[in-house]
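Colleague: Following is a predicted model, sequence given first.
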Amino acid sequence: METARTLSIVIVGWNVRELLDAALASIYASTHDDASPEVIVVDNASTDGTAAMVAATYPQARLIVNTVNRGFTGANNQGIEAASGKYILLLNPDTEVMEGALDQLVAYLEAHPQVGLVAPRLLNPNGTTQSSRRRFPTLPILFLESTWLEGLMPKPLLRQHYMMDKSDALEHDVGWVTGAAMLVRRSVIEEVGVFDEDFFMYSEELDWCRRICDAGWRIAYTPTAEVMHYGGKSSDQVAPARHIYFQSSKVRYTQKHHGALTAELLRLWLLGQYVWQVILEGLKWTIGHRRPLRAARVKAYWRVLRSGLRQRQALEL
């Protein structure tokens, strides 16, 4: 189909060879030889043979091999800059594209000229819908989400943030979407720029969607296109760094969109939560409760504290 010739797909991989293989297979299985999208794979210095697998199995894909891990943002920016399509799909390596999803996403942007970015319905491996739609975070969300205090937040506040008041079976506008699969117009990227590489990983799609919306574009969700997402397989490999990247990226986002003072208060608040977690896990270790687990958690949380929640230190600790 003609629409597929307008599409570039960028996939960044780091030590997820088998999952990336399945992702690429799903892409090529869902397209026709005379209308295959441009596929660009950026390998972030994998050590599991990812690059060799791509080169041998998918010679039709363009392979960019990094000698150092440039993070999700830097590597995606490499792929975006190399892409030639009118529309660019950023796709995680731990995904599988369902039949017709690529055509559906392209058709959506063709039919909705005011939409700058559209995301599909994400599916869990068991076929249920994965949470991927969000409103932009309020200050209570920034300070409490993904901390041990999240469970104390008013349920209506969380429901609103996660857009649980909107059916995931219907098309609608959103604030932002999680970054496993996002189709964006090249013209939008030319207007607002690529990912901010001060976000090594996490919150980069939040910041990007915020910038796209601030430029006057809409962000949309369509359930007619479906992508299975296994979730977090690259970041799972470095648990302490994941905490640092996630929370420090939240601080970076807050600095950009809510000011330096609020961001510094957030950073200190989050560090305080990790101090409490170290104390709590240490007490549990002292009384002999699952000591190996408690020791591992103390070590991880202490590494977070040593970082000061400054993400560029995560790989050095």
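Modeller: That came through fine. Residues are numbered from 1 along each chain as shown.
Colleague: can you pull out the helices in the stretch 101-250 of the chain?
Modeller: 101-111, 139-144, 155-161, 186-192, 204-214, 239-258 (DSSP state H, counting those that start in this stretch).
Colleague: Please name the nearest non-neighbouring residue to R294.
Modeller: Nearest non-adjacent residue to R294, counting by C-beta to C-beta, 6 or more residues apart in numbering: W285, 3.8 Å away. For the C-beta atoms, the positions are set from N, CA and C on the backbone; glycine is no exception.
Colleague: any chance of the helices of the stretch 101-250 of the chain in JSON lines, with mean neighbour count and mean pLDDT too?
Modeller: Below are the helices of the stretch 101-250 of the chain laid out as JSON lines (neighbours: other C-beta atoms under 10 Å; pLDDT from 0 to 100):
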{"stretch": "helix 101-111", "mean neighbour count": "20", "mean pLDDT": "97"}
{"stretch": "helix 139-144", "mean neighbour count": "17", "mean pLDDT": "95"}
{"stretch": "helix 155-161", "mean neighbour count": "13", "mean pLDDT": "94"}
{"stretch": "helix 186-192", "mean neighbour count": "16", "mean pLDDT": "98"}
{"stretch": "helix 204-214", "mean neighbour count": "21", "mean pLDDT": "97"}
{"stretch": "helix 239-258", "mean neighbour count": "21", "mean pLDDT": "90"}
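Colleague: Just put those in TSV and tack on distance to V12.
Modeller: Shown next, in TSV, are the helices of the stretch 101-250 of the chain (distance: least, C-beta to C-beta, whole Å):
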stretch	distance to V12
helix 101-111	18
helix 139-144	26
helix 155-161	27
helix 186-192	16
helix 204-214	11
helix 239-258	15
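Colleague: Select, out of those, the one closest to S46.
Modeller: Taking C-beta to C-beta, helix 239-258 is the member of those nearest to S46, at 16.2 Å.
Colleague: who does the closest one touch, helix- and strand-wise?
Modeller: Packing partners of helix 239-258 (3 or more C-beta pairs under 8 Å, 6 or more residues apart in numbering; DSSP states H and E): helix 139-144, helix 204-214, helix 260-286, helix 291-307.
Colleague: so A55 makes contact with L63?
Modeller: Yes - under the criterion of C-beta atoms under 8 Å, A55 makes contact with L63 at 5.8 Å.
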